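Asks: structure of the sequence below:
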Amino acid sequence: KALEVRYPDIYQELLSISRELVYEKRWNPQEIEFTFEGPDASQLYLLQTRDMITIKKQERVQVFTDAEAVEAAYLGKGIGVSGAALSGRAVFTEENIRELRRTDPDTVLILIRSDTVPEDIKVIDMAEGLLTSRGGQTSHASVVAVRLEKTCIVGCKHLKVYENHQYCEIGETVIKFGDPVSVDGRSGQVLSGMHETREEMHILPI
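Replies: Residues are numbered from 1 along each chain as shown. Okay, the predicted model is just below:
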């Protein structure tokens with residue numbers, strides 16, 4: 001907050017660079033080392049940037065098996081917080097979840113929200129995955145999803161959620177309640193449709 005308040009032009013330039021790297025160039029979340037010589041954006045200098053990864057132990061994770069199908073189904077990207085490759089059906093409310101638990105009890109459910117608040121912990125726990133249009137790695141959605149061991153992507157920039165109408169849009173694609181959708185909690189990718197997965201050994205970030 002101190003940087004945002006005291007040097008707003010520097011802050012906005014850093015934010016713009018970060019969004020370009022992560023959302024447009026599809027880089028992993030970045031750790032950016034920088035300096036600046038004054039309050040203007042032109043006085044900002046990037047020293048280096050690198051993938052924001054802290055090595056954990058090796059674990060077996062689910063990955064999508066068909067790279068070509070994944071590329072064709074790509075809708076957008078956010079910040080992968082936890083979990084791995086997951087396909088399921090889109091839900092937007094607790095009522096959606098309860099309905100599908102009755103009619104299709106074995107299906108995987110992916111909760112889609114603009115953001116989450118503390119009162120949402122119950123509904124988050126009822127689904128297997130969480131996708132939000134806002135938030136970062138320290139947001140409420142991220143913290144809760146990690147604690148509940150859910151597959152989670154936050155900060156999907158191009159995602160627009162209309163919770164009351166039970167649908168969302170990513171670019172020109174509309175996803176309605178019950179539609180198939182896939183997410184990758186490692187890469188942050190959001191895909192249309194269902195995709196097969198397999199288990200692989202990976203070094204996971206935390």
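
Asks: what are the buried residues along the top helix by length along the chain?
Replies: In the chain, taking DSSP state H as the definition, the longest helix is helix 8-19. If you call a residue buried by 16 or more other Cβ atoms under 10 Å, then helix 8-19 has these buried ones: 10-11, 13-14, 17. Bear in mind the C-beta positions are built from the backbone N, C-alpha and C, glycine included.

Asks: can you tell me the helix or strand for the residue nearest to the spatial centre of the chain?
Replies: Among the residues of the chain, the one closest to the centroid is residue 153, at 2.0 Å (Cα atoms, centre = their mean). Assessed by DSSP states H and E, residue 153 sits inside strand 151-154.

Asks: beyond that strand, next helix or strand please.
Replies: Per DSSP H and E, strand 151-154 leads on to strand 159-162 as the next helix or strand towards the C-terminus.

Asks: what's the span of stretch 149-168, first residue to last?
Replies: 24 Å (Cα to Cα, to the nearest Å).

Asks: same question, stretch 164-184
Replies: Start and end residues of stretch 164-184 are separated by 26 Å (Cα to Cα).

Asks: how far away is the closest residue to residue 126 other than its chain neighbours from residue 61?
Replies: Of all residues not flanking residue 126 in the chain, residue 97 sits nearest, at 4.8 Å (Cβ to Cβ, 6 or more residues apart in numbering). Using Cβ to Cβ, to the nearest Å, we find residue 97 at a distance of 25 Å from residue 61.

Asks: residue 173 too?
Replies: 26 Å.

Asks: for residue 45, same thing?
Replies: 37 Å.

Asks: of these two, give the one with the bigger neighbour count.
Replies: Between residue 45 and residue 61, residue 61 has the larger neighbour count (other Cβ atoms under 10 Å), namely 19 against 10.

Asks: the nearest residue to that one once chain neighbours are set aside: what's it in contact with?
Replies: Computed as Cβ to Cβ, 6+ apart, the closest residue to residue 61 that is not its neighbour in sequence is residue 84, at 3.9 Å. By Cβ atoms under 8 Å, 6 or more residues apart in numbering, residue 84 lies in contact with 61-63, 151, 184-186, 197, 202.

Asks: tell me the one among those residues nearest to residue 88.
Replies: Within the contacts of residue 84, proximity to residue 88 (Cβ to Cβ) peaks at residue 151, which comes in at 9.0 Å.
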